[in-house]
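>>> Fold the stuff below for me.
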Amino acid sequence: MSEEPKEHLGDYMKSPVTSIDSKETVQAAAKLMEAEGVSAILIKVDGEFTGIVTERDFTRKVVGSGLSNETPISEIMNVPIYTMDRHQHVLQGIEFMTDNNTRHLTITDGGEIVGIITVKDSFSYYMRLFGLEE
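Predicted coordinates:
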């Protein structure tokens with residue numbers, strides 16, 4: 001019994017993405033990330049995805065700089081959001097993340113953001129490739 005090979009970014013993405021409005025606080029974003037069990041959250045301005053905040057941003061930009069929990073999340077978001085199409089090969093995404101020193105890549109379908117893949121998610125590709133998956 002042969003399963004369809006998983007080689008595209010869309011095969012490894014998490015969907016839907018977790019997002020929050022840019023006017024919300026860093027504390028609200030941290031609580032949402034904890035509740036959803038995600039390491040990154042997309043930031044919306046007027047309903048459009050415009051930035052991303054990761055756990056690393058909380059460590060470096062909030063704790064490291066002594067920012068208040070009431071700081072608007074927009075003050076620590078990273079812009080632009082890196083995106084690739086869900087049909088691109090997972091190795092292209094891994095190479096892109098490496099070249100751009102990022103651990104998160106948003107995935108699009110028809111130009112719309114539909115998911116996110118992390119460096120950790122990419123390990124699943126290698127586990128599958130080498131027959132090490134459970």
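
>>> in the chain, which spans are strands?
With DSSP state E as the definition, the chain shows strands at residue ranges 19-21, 40-45, 48-54, 83-85, 104-109, 112-118.

>>> What strands line up against the second one, and which way round?
The strands beside strand 40-45 in its sheet (DSSP bridges) come out as strand 19-21 (parallel), strand 48-54 (antiparallel).

>>> Let me know which of those strands is tucked in deepest.
strand 48-54 (a mean of 19; mean count of other CB atoms under 10 Å). C-beta: built from backbone N, CA, C; applies to glycine.

>>> quick one: contacts of that strand?
Strand 48-54 is contacted from outside by 17, 19, 22, 26, 29, 39-45, 73-74, 76-81, 103-104, 106, 113, using CB atoms under 8 Å, 6 or more residues apart in numbering.

>>> Could you check how far the residue nearest to residue 75 when sequence neighbours are not counted is from residue 16?
Nearest residue to residue 75 in three dimensions, chain neighbours excluded: residue 67, at 7.5 Å (CB to CB, 6 or more residues apart in numbering). Distance, residue 67 to residue 16, by CB to CB, to the nearest Å: 28 Å.

>>> quick one: which of those two has more around it?
Under the criterion of other CB atoms under 10 Å, the comparison of residue 67 against residue 16 puts residue 67 first, with 14 against 10.

>>> so who does the more buried one touch?
For residue 67, the set of contacting residues under the criterion of CB under 8 Å, 6+ apart consists of 26, 61, 75, 76.

>>> Now, the residues you listed that are in helices?
Secondary-structure check on these using DSSP state H: residues within helices are residue 26.

>>> List only those of the contacts of residue 67 flagged as buried.
26, 61, 76 (16 or more other CB atoms under 10 Å).

>>> The second one reaches residue 76, doesn't it?
Yes. Judged on CB atoms under 8 Å, residue 61 makes contact with residue 76 at a distance of 4.2 Å.
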